[in-house]
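Peer 1: A predicted structure for the sequence below; I have some questions about it.
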Amino acid sequence: MLNKVEEAGTSKTTFFDLLGGEAGGTENIRKLVETFYDIMDSDPKAAPIRAMHQADLTSAREKLFMFLTGWTGGPQLYIEHYGHPMLRKRHLPFAIDESARDQWMYCMIKAMHQLAYEELLMKRLAEQLYGVADFMRNQ
């Protein structure tokens, strides 16, 4: 789990704080997740990873929102509702290779660009998310 990131000239802070903290972090994560899945649902570059998902993305959207809220340092919504994420175990039924990882990251980075994330925040968040996405690979 991601807990802290170093912010130059300040004490450690979480990504949740950098995304708006209590005042806006949850809303900003919701926007990121919605934009991410909108891209996955419409961008031809993401068609193979989109095909791994159910036709209705409602549950996937909610679970990723809940997970990312806690993962970034906000309220532990996913854990409170579902227990430990057990990410790798939950993703084992899906053939996740480097291509799938890269498609997932493509959608996430494109979402951050569409939402006009500050460059340094986007880079740091993408680096951390890449580690999680790469951990999901099972092929």
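Peer 2: Now that the structure is in, tell me what you want to look at. Since the structure is predicted, the reported quantities are computational estimates derived from the model, not experimental observations. Numbering: from 1, shown residues only.
Peer 1: what's around residue 30, how many residues?
Peer 2: Residue 30: 15 surrounding residues under other CB atoms under 10 Å. For every residue, glycine as well, the C-beta is placed using N, CA and C.
Peer 1: can you pull the poorly scored residue ranges out of this protein?
Peer 2: 1-12 (pLDDT under 70).
Peer 1: could you name the helices and strands sitting against the longest helix along it?
Peer 2: Counting by DSSP state H, the longest helix found in the chain is helix 21-42. In terms of contacts (3 or more CB pairs under 8 Å, 6 or more residues apart in numbering; DSSP states H and E), helix 21-42 is packed against helix 15-18, helix 47-50, helix 58-71, helix 98-114.
Peer 1: and the following helix or strand past the third one, what's buried?
Peer 2: Looking back up the chat, that one is helix 58-71. Scanning forward in sequence from helix 58-71 by DSSP states H and E, the next helix or strand is helix 77-82. For helix 77-82, burial by neighbour count (16 or more other CB atoms under 10 Å) applies to 77-78.
Peer 1: about what we covered before: deepest of the helices and strands packed on helix 21-42, which one?
Peer 2: Ranked by mean neighbour count under mean count of other CB atoms under 10 Å, the helices and strands packed on helix 21-42 are led by helix 15-18, which reaches a mean of 21.
Peer 1: just to revisit the earlier point, make a markdown table out of the helices and strands packed on helix 21-42 and add distance to residue 92.
Peer 2: Output for the helices and strands packed on helix 21-42, formatted as a markdown table (distance: least, CB to CB, whole Å):
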| stretch | distance to residue 92 |
| --- | --- |
| helix 15-18 | 27 |
| helix 47-50 | 16 |
| helix 58-71 | 16 |
| helix 98-114 | 13 |
